[in-house]
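Have a look at this fold, sequence not included:
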């Protein structure tokens, strides 16, 4: 219970805390990590993440899913030698002496219609008209482009030599039968769906989307469409978490706000555990609320991590109940957002069996000084402008911070920060950021940098 | 009809073309653009793109939609002065002489519970306990952090002075009533959904998703789950186009394959025009097929653009039937993919009223020479590796090219290409590419560059 024993907490319990004393609690069965880095949290979450079921999906409904098994090619693709140009199918050796001055004459043996298998066998000294995509007749091994030939009704003049394979896609050049096309763990994208269709694979084995239960706690919360009185605030986090879960390929399931302390939260959590694959609880901003989350988790399961060594300080609890990960996040939307990006993204990836870890990072130049204390790691919300990053206000309580944040700059523990002009790494919020850049004046030329 | 008159076409009509002669056609009512750049095509497509209807959506189902009207803030947010720290609400002027050696003593007037409006008015010389997110009592204008104070039951010692506003979010610091939060044309992202919830805006006016009809033509096509005979290929494009339309925020509607020439294509197209907002026809790779698409469009409406000056040559037709854009694309999936990224993305953006144009670009270093002829513009598929881009095979007939392509490098008309080591711009395929980088060995540290 070491994590409960920090001075501040005891101090607060003794003074402000009018509700039940949360330090009395003895059901922990493991010693939780107390001063974790983000990396610790990610490692832990990946360890405890349960795999979702494998299901079969039609490729048309599989975009964004992770493959639960490798995909093998069942046939040679394209399956026949195919022309890549409009021109004439030839035997390459027939053309070896062709020059513009002394063209070779080849007998014209008709044209190949796309979609049909040419029955004609190309004999020495002859050629056939072919269009892009057409099947080469047996006997031919190259295509002379239209531009290097001249059609003369019964024969064709060839001005340039070709070698076997010129302007041809070999019958197994796209893929060979038996070859692995995509490995297990690959996330399918639209272009991959196209490839699967082209290879005749119309169903795939994928990991089911994890179902993420979402609970909010805090006596100061009112529903987003409610009317807060002075001191109350609108419940924001469940909307943010839901939308982000969907973007990350999970199914959010909302359970509402637990207003009335332990009993309320316990009931909700038990229901959620029985219905979901993992649960996210975003806490009220008050200390007693945060601790209540930890207490309920430890009552039904165990706390595995509590307390982070990142700045600004974020209260995060990771636990497990009946093998299902439970993540307790702080109350401020900006803090919730950061921990979703840094930690929860990994939970969802791991549950889906994705081989990828975390979100993309890019390089940029610091547009201002970003100071840091070497004792802690920092994750600084920044605005990205023309290749430079500028740190944003660190008031995590501002909801609008969410929308102004283009990226997150990581300053590792041990660093005193970065100076203006130095190169930094920015976490790419692409999947969060719109794929389209907002530069209405940059007609067709929008740039990230 | 100038675009039909190029030498190659006439040559082909006279030799291979066993179907009806496609140059006899007199229903064009405008003179189409014949040798267009991508920019010409984008400008045209943006001119003819019809806006979709405005609809009301619950924010929970609005991620990815484009705002059809600006969103105004209806209340001051957060609506009351709010503490950003755990500590003591004070009158700043009471603390001005505080030092660690000579702390100021303030009378402790109780604590503020989060979610409640403090009725107590803070009088000179007193303070109240407050936690992060709590409402400041009337009379107080700053918060002293817990770390700079010591609680002594009836009074509190303050070791540092604060000025008004310290550790406080002002009642309208997030947003002021009447302020525009998001402009018309903004694409909503998960973090924006969070902001809307936090600001008490639970429904928004958005543009409906455009419905895109998808047709394929070509006698060589068999359905993706069919068994192609020699010379036949699987129909790939409708899957690729569907998945990409969804990713771009449009609703695909598939109409299948028009095998049997004009009548079949005409019937399908008429149905699609009556049911969709725009139509994409991907053509067979044979010339007569491509021209058939143009002919059908011009029969029912008009051709506005035909022929591109890009390399490798892509046959693209843009027309309109009853005010609905019709785009004829080539047959090769890789060519279709490129034109979807470059042109169709703009169509969908424009129909949704998005202020953004085209896809993101990033900087990278050419990993090899990319030669170009100054007469044409090039869009070269590349692999991105550690900040370098390497050009991929330009055999557009390879289906697997789709999945190996991380980005597209644009070489404008007039350029002779780029040399290894030079900086280039890469079109970001982020929304196409998975948001997660495939570097299993880079634990938590996956990088784009």
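Looks like it arrived, so ask away. The structure presented is a predicted model; accordingly, all values stated were derived computationally and were not measured.

alpha carbons only for contacts and neighbour counts from here, please
Will do.

Could I get the phi/psi values of residue A:182?
phi -130, psi 140 (degrees, to the nearest 10).

what does the stretch 51-200 of chain A put close to chain B?
A:60, A:63-64, A:78-80, A:82, A:84, A:111, A:114-118, A:129, A:131-135, A:169, A:173-175, A:187-195, A:197-200 (Cα under 8 Å from any Cα of the partner chain).

give me that answer again for 6 Å
A:114-117, A:131, A:135, A:174, A:190-192, A:194-195, A:197-198, A:200 (Cα under 6 Å from any Cα of the partner chain).

Same check on the stretch 201-350 of chain A?
A:219-220, A:224-225, A:230-232, A:234, A:236, A:239-240, A:243-244, A:286.

For those, which two are the farthest from each other?
A:230 and A:244 (29.2 Å; Cα to Cα).

neighbour count winner among the two?
residue A:244 (27 against 18; other Cα atoms under 10 Å in any protein chain shown).

In contact with the more buried one, which residues?
Shown in contact with residue A:244 (Cα atoms under 6 Å, 6 or more residues apart in numbering or on different chains): residue B:190.

so where does it fall, helix or strand?
If you go by DSSP states H and E, residue A:244 is part of helix A:237-247.

picking that back up, quick one, which of the residues of the stretch 201-350 of chain A next to chain B are buried?
Using 16 or more other Cα atoms under 10 Å in any protein chain shown as the burial test, these include A:219-220, A:224, A:230-232, A:234, A:236, A:239-240, A:243-244, A:286 as buried.

Pipe the residues you listed into JSON lines and attach pLDDT per row.
As requested, these are exported to JSON lines (pLDDT from 0 to 100):
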{"residue": "A:219", "pLDDT": "82"}
{"residue": "A:220", "pLDDT": "84"}
{"residue": "A:224", "pLDDT": "93"}
{"residue": "A:230", "pLDDT": "89"}
{"residue": "A:231", "pLDDT": "87"}
{"residue": "A:232", "pLDDT": "90"}
{"residue": "A:234", "pLDDT": "92"}
{"residue": "A:236", "pLDDT": "93"}
{"residue": "A:239", "pLDDT": "96"}
{"residue": "A:240", "pLDDT": "95"}
{"residue": "A:243", "pLDDT": "93"}
{"residue": "A:244", "pLDDT": "91"}
{"residue": "A:286", "pLDDT": "49"}
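
Can you tell me which of those residues is closest to chain B?
Closest approach between those and chain B, by Cα to the nearest Cα: residue A:220, at 3.3 Å.

Now that closest one: closest residue in space that isn't a chain neighbour?
In this structure, residue A:220 finds its nearest non-sequential neighbour in residue B:115, 3.3 Å apart by Cα to Cα, 6 or more residues apart in numbering or on different chains.

which residues in chain A form helices?
A:7-15, A:38-48, A:190-198, A:237-247, A:261-275, A:287-300, A:333-339, A:345-351, A:401-404 (DSSP state H).

Next, the angle helix B:190-198 makes with the fourth one.
Pointing back at helix A:237-247 there. 160 degrees (axes from the mean of the first three to the mean of the last three Cα atoms, to 10 degrees).

burial measure for the residue nearest to residue A:220, as a count.
23.

so who does it touch?
A:219-220, A:231-232 are the contacts of residue B:115 under Cα under 6 Å, 6+ apart.

Give me the subset of the residues you listed that lies in strands.
Among these, no member is found in strands (DSSP state E).

For the nearest residue to residue A:138 once chain neighbours are set aside, list the residues it contacts.
The shortest distance from residue A:138 to any non-neighbouring residue, by Cα to Cα, 6+ apart, is to residue A:121 (5.0 Å). The neighbourhood of residue A:121, defined by Cα under 6 Å, 6+ apart, consists of A:137-139.

what's the answer for residue A:409, then?
A:379-380, A:425-426.

and the gap between whichever residue of the stretch 1-150 of chain A sits closest to chain B and residue A:133?
In the stretch 1-150 of chain A, the residue that lies nearest chain B is residue A:115 (3.3 Å; Cα to the nearest Cα). Counting by Cα to Cα, to the nearest Å, the separation of residue A:115 from residue A:133 is 9 Å.

again, but for residue A:59
Taking Cα to Cα, one finds residue A:59 at 25 Å from residue A:133.

okay, these two: which has more neighbours?
Neighbours per residue (other Cα under 10 Å) separate residue A:59 from residue A:133, with residue A:133 holding more: 28 against 22.

Pull the number of nearby residues for the residue nearest to the more buried one when sequence neighbours are not counted.
Excluding the flanking residues, the one nearest residue A:133 by Cα to Cα, 6+ apart is residue A:83, at 5.1 Å. By the criterion of other Cα under 10 Å, residue A:83 has 28 neighbours.

now residue A:83: how far from residue B:231?
Taken as Cα to Cα, the span from residue A:83 to residue B:231 is 10 Å.

how about low-confidence regions in the stretch 201-350 of chain A?
Scanning the stretch 201-350 of chain A for pLDDT under 70 picks out A:284-290, A:311-313.

Let me know how buried the residue in the stretch 251-400 of chain A positioned nearest to chain B is, in neighbour terms.
Ranked by Cα to the nearest Cα, the top residue of the stretch 251-400 of chain A for proximity to chain B is residue A:361, at 4.7 Å. If you count neighbours by other Cα under 10 Å, residue A:361 ends up with 24.

what pairs with it across the strands?
residue A:427 (DSSP bridges).

neighbours around the nearest residue to residue A:376 once chain neighbours are set aside, how many?
Spatial nearest neighbour of residue A:376, excluding adjacent residues (Cα to Cα, 6+ apart): residue A:413 at 4.8 Å. Residues lying near residue A:413 (other Cα under 10 Å) number 18.

Report the contact partners of residue A:413.
With Cα under 6 Å, 6+ apart, residue A:413 has these contacts: A:374-377.

Then residue A:177?
Here residue A:177 is in contact with A:73-76 (Cα under 6 Å, 6+ apart).

Residue A:368: which of the residues you listed is nearest?
For the contacts of residue A:177, the nearest to residue A:368 is residue A:73 (51.6 Å; Cα to Cα).

thinking again about what came up before, can you tell me which of the buried ones among the residues of the stretch 201-350 of chain A next to chain B is nearest residue A:407?
Checking these one by one against residue A:407 (Cα to Cα), the nearest turns out to be residue A:244, at 15.1 Å.

just to revisit the earlier point, of the contacts of residue A:409 - the most surrounded one?
residue A:426 (25 neighbours).

just checking, it touches residue A:359?
No: Residue A:426 is beyond contact range of residue A:359, at 10.1 Å (criterion: Cα atoms under 6 Å).

and residue A:191, what is it in contact with?
Residue A:191 neighbours (Cα under 6 Å, 6+ apart): B:240, B:402-403.

Out of those residues, which is nearest to residue B:46?
Looking across the contacts of residue A:191 and measuring by Cα to Cα, the closest to residue B:46 is residue B:240, at 22.3 Å.

isn't the closest one right up against residue A:194?
Yes: the pair residue B:240 / residue A:194 is scored as a contact, 4.3 Å apart, by Cα under 6 Å.

what's the domain layout of chain A?
A:2-52+A:210-351, A:54-77+A:177-207, A:82-169, A:361-428 (automatic domain parsing).

closest to residue B:37 out of those?
Comparing the domains of chain A by Cα to Cα, domain A:82-169 comes nearest, at 22.1 Å.

what residues are up against the spatially most central residue of chain A?
Computing the C-alpha centroid of chain A and ranking residues by Cα atoms, centre = their mean puts residue A:248 first, at 6.0 Å. Counting by Cα under 6 Å, 6+ apart, residue A:248 touches no other residue.

And for residue A:59?
Neighbours of residue A:59 in contact, by Cα under 6 Å, 6+ apart: A:202-203.

let's see 8 Å
A:193, A:196-197, A:201-204 (Cα atoms under 8 Å, 6 or more residues apart in numbering or on different chains).

what's the span of stretch A:381-389, first residue to last?
Terminal-residue distance, stretch A:381-389 (Cα to Cα): 9 Å.

if you look at that stretch, does any of it touch chain B?
No: Stretch A:381-389 is not in contact with chain B by Cα under 8 Å from any Cα; minimum separation 9.5 Å.
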